[in-house]
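Enquirer: what follows is a predicted protein model with its sequence.
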Amino acid sequence: MENFVKGLADTAVKGLIIPDLPHEHANFVEPFLADTDIALIPLVSLTTGLERQKELIDGAEGFVYAVAINGVTGKSGNYRADLDKHLAQLHRVTDIPVLTGFGVSSQADVERFNAVSDGVIVGSKIVKALHQGEPIQDFIKQAVAYQK
């Protein structure tokens, strides 16, 4: 872990997302990040209760990763009706930006989540396009332009 973090610190990486890391085990990772500018990014799902949200976000740096769907990433458009309420709740319990990800794969998704959060995270869409040799430049340009 020490070598991994040192390697990250030598780059422009400012945040580390470990999707399956339970909050209770974050203390294993945090000491390695202590002398770096790298923040351990908390993930908060739709099913996370208010007290647990506060616990996950307490002391967080960088941003909060709001998970837009339950299940695996890369599936678009199947959002719960209470998602906007969930994002508003996250904004009330933190002073750092709330970015929405998981399932963000279209321009419509980017526009929808920009209206209710501080930004979006597009991951699987880009990785899938790269693996399939698809041009993704236009999608990225549109997403970045909409962010501004």
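Expert: Everything's here; your move. Numbering: from 1, shown residues only.

Enquirer: what residues does stretch 54-69 touch?
Expert: The set of residues external to stretch 54-69 that reach it, using Cβ atoms under 8 Å, 6 or more residues apart in numbering, is 14-15, 17, 23, 39-46, 48, 75, 78-80, 83, 86-87, 90, 93-94, 96-104, 113, 117-119, 121. No exception for glycine: its C-beta is placed from N, CA and C like everyone else's.

Enquirer: surely residue 33 touches residue 16?
Expert: Yes. Counting by Cβ atoms under 8 Å, residue 16 is a contact partner of residue 33 at 6.9 Å.

Enquirer: can you check which residues contact both of those two?
Expert: 5, 39, 40.

Enquirer: and the residues you listed, which is closest to residue 136?
Expert: Relative to residue 136, the closest of those is residue 39; by Cβ to Cβ it sits at 26.3 Å.

Enquirer: residues near the closest one, how many?
Expert: 17 (other Cβ atoms under 10 Å).

Enquirer: quick one: it from residue 15, how far?
Expert: Noted for residue 39: a distance of 5 Å to residue 15, by Cβ to Cβ, to the nearest Å.

Enquirer: now swap in residue 51 and tell me
Expert: For residue 51, the distance to residue 15 - Cβ to Cβ - is 25 Å.

Enquirer: low-confidence ranges, this protein, go.
Expert: Low-confidence segments of the chain (pLDDT under 70): 71-78, 139, 142-148.

Enquirer: apply 90 and report the result again.
Expert: The chain contains residues with pLDDT under 90 at 1, 12, 19-20, 46-47, 69-83, 102-115, 121-148.

Enquirer: all strands of it, in order?
Expert: 15-16, 39-40, 43-44, 64-67, 98-101, 119-120 (DSSP state E).

Enquirer: helices or strands next to the last one in the packing?
Expert: In this structure, strand 119-120 packs against strand 98-101, helix 107-114, helix 137-147, with contacts taken as 3 or more Cβ pairs under 8 Å, 6 or more residues apart in numbering; DSSP states H and E.

Enquirer: any idea what the residue most central in space within the chain is bridged to?
Expert: The centroid of the chain falls nearest to residue 65 when counting by Cα atoms, centre = their mean (3.2 Å). When bridges are called by DSSP bridges, residue 65 pairs up with residue 43, residue 99.
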